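*Asks:* Dropping a prediction and its sequence here:
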Amino acid sequence: MKTFIPLFLLVLFALQSHGQIKISLSKDSIIVGNPTYATVEIKTQKNQKIIKNPQFSDSIPAKLEILHQTPLQQKDLSQYSVYSYGFYISGYDSGTFTIPPIIASIDSSGTIKNILSDSITLKINTLPVDTAKTEGIKDIYEIDAPSSVLHSYWGWIIALFLLTSIGFGWYFFFYRKKRILKADEKTNIPPFDEAIQALRVLAEKRSWNNDNGRVFYSELTDIIRRYLWREYNINALEMTSSELLTTIEYQFAIEEILQKAKGILRTADLVKFAKHKAQAVECEHHLSEAKSLIECLKPQQNVEETQQSKEL
């Protein structure tokens, strides 16, 4: 017994000296399509450095999807440092999924050590159906209207439908287009300059302090969508986030552009549809990412002209 206690303390000290890594879920059981938040926490001694962050996306099962990654944060305490970041995860197939251990590499006075986390399990459930409430429900039967009534009003219904279609067509193809063109002629600002100016105004408003960031992300994504529409004639204003990401990946084929756009658009969807409460640091990060994204999307000819004007 006396030998066992020092041996246990020696093993515990060895584990702590090499650092610790822990992963946890805010909810280990969710409904199909709902998100859960995974937190990765790494604890190291003061003389240790992380030389390789754990790549959570490398170990996630194929049927799970990472919606968004939060920035890495560091907290220094008296004897050790704590690094943490997280991911929003979701899945669209029911079942129980095991996320295997993730690896981080630590430099401890010139010695490289690999540390492992424990595996975690996520259960995804389908929406429950209360079959008791379906008892006694009768089948739906169609009721045929008298043929004389249908025949007497059929011509008027067709005429009203045609007139309504013509009216909507005239509005969308003439009046709306004319109004947009007038607005563009009035501003007469290049797409890139307009987008950068709009981002500057959005930063000054600091609208992320209200409504959990919903208004902020709505305006931020509108700036990006309008820039793509004006600069590249992409119908971004009418696309869903997934359709727009597919278009960006096909047209530009640059991983940096795709990842920046994916982070902003998916977080915006979480804020608007999944009641995600965006923090100020997260909003400021995506505002900076939006500016960097638009600069990456700027046509090369415009970039060269900007550089030449600065030199003059």
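*Replies:* Happy to help now that I have it. Numbers count the residues shown, from 1 in each chain.
*Asks:* So what's the gap between the lengthiest strand in the chain and the chain middle?
*Replies:* In the chain, taking DSSP state E as the definition, the longest strand is strand 80-91. Distance, stretch centre to chain centre, for strand 80-91: 15 Å (C-alpha atoms, centre = their mean, to the nearest Å).
*Asks:* Show residues contacting the next helix or strand after it.
*Replies:* Where DSSP states H and E defines the elements, the next helix or strand beyond strand 80-91 is strand 95-99. The contact list for strand 95-99, computed with C-beta atoms under 8 Å, 6 or more residues apart in numbering, reads 23, 38, 59-61, 63-64, 91, 119-124. Using the backbone N, CA and C atoms, a C-beta is placed for each residue, glycine as well.
*Asks:* Surely Thr36 and Leu64 touch.
*Replies:* No: Thr36 lies out of contact with Leu64 (C-beta atoms under 8 Å); the separation is 9.8 Å.
*Asks:* hey, what's in contact with both of those two?
*Replies:* Common contact partners of Thr36 and Leu64 (C-beta under 8 Å, 6+ apart): Ile89, Ser90, Leu122.
*Asks:* would you turn these into CSV with pLDDT?
*Replies:* Formatted as CSV, those follow (pLDDT from 0 to 100):
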residue, pLDDT
Ile89, 81
Ser90, 80
Leu122, 82
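*Asks:* Just the closest of those residues to Ala198, please.
*Replies:* Lowest distance from Ala198 to the shared contacts of Thr36 and Leu64 (C-beta to C-beta) belongs to Ser90, with 30.8 Å.
*Asks:* measure that closest one to Gln279 for me?
*Replies:* Taking C-beta to C-beta, to the nearest Å as the measure, Ser90 falls 20 Å from Gln279.
*Asks:* Settle it for me: which of the two has more neighbours?
*Replies:* Ser90 (19 against 13; other C-beta atoms under 10 Å).
*Asks:* Surely the more buried one and Leu67 touch.
*Replies:* Yes: between Ser90 and Leu67 there is a contact under C-beta under 8 Å: 5.6 Å.
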